[in-house]
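Chemist: Quick one: sequence plus predicted model below, questions after.
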Amino acid sequence: MQIYITKKERFNSARRIYREDWTPDQNLEVFGKATNANYHGNNYTLWITFSKKITLENEYLPFPQVLTEILQNEIIAKLDHKNLSLNVDFMKGKVATTDQLCIAIFNLLQPFVDAKESFGLHCVKLKEADEYMVSYFGV
């Protein structure tokens, strides 16, 4: 039997969505105001869904505090009140779109979660605005 446990976090970050290989007009046409040279801020909501195979030995175990600590130390501390385009090492060389950020968070978390024998990383969901949310389930 498999169960899924979702942890919710929030963070605020600034960014500029801009491709260096495009002209300023191309960037403006595709990314609109988000390509502003002075950056802009976003309030994000992040959901991390962990999977757990239930056995007789672990069916009553609580959600491990260590997974909460990993989220705080490896994700939130690196993103909250930071500039995604300038200050976040795992976003270097990437266009700071919500989908790229979602994939980067998943890839950053994967090895930490893999080290926990009874848990897996199922999905990362990231909401930048009320209009849409990005979900990534890995490859």
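Modeler: Noted; the coordinates are in hand.

Chemist: Just give me the longest helix of this structure.
Modeler: Secondary structure of the chain read by DSSP state H shows that its longest helix is helix 98-114.

Chemist: So for that helix, what gets flagged as buried?
Modeler: Residues of helix 98-114 classed as buried: 98, 100, 101, 102, 103, 104, 105, 106, 108, 109, 112, 113 (neighbour count, 16 or more other C-beta atoms under 10 Å). In short, each C-beta sits where N, CA and C put it, glycine included.

Chemist: Tell me the buried residues in the next helix or strand after that helix?
Modeler: Going down the chain from helix 98-114, the next helix or strand is strand 119-129, by DSSP states H and E. Using 16+ other C-beta under 10 Å as the test for burial, strand 119-129 gives 119, 120, 121, 122, 123, 124, 125, 126, 127, 128.

Chemist: Next: stretch 51-71.
Modeler: Buried positions in stretch 51-71, judged by neighbour count with 16+ other C-beta under 10 Å: 52, 67, 70, 71.
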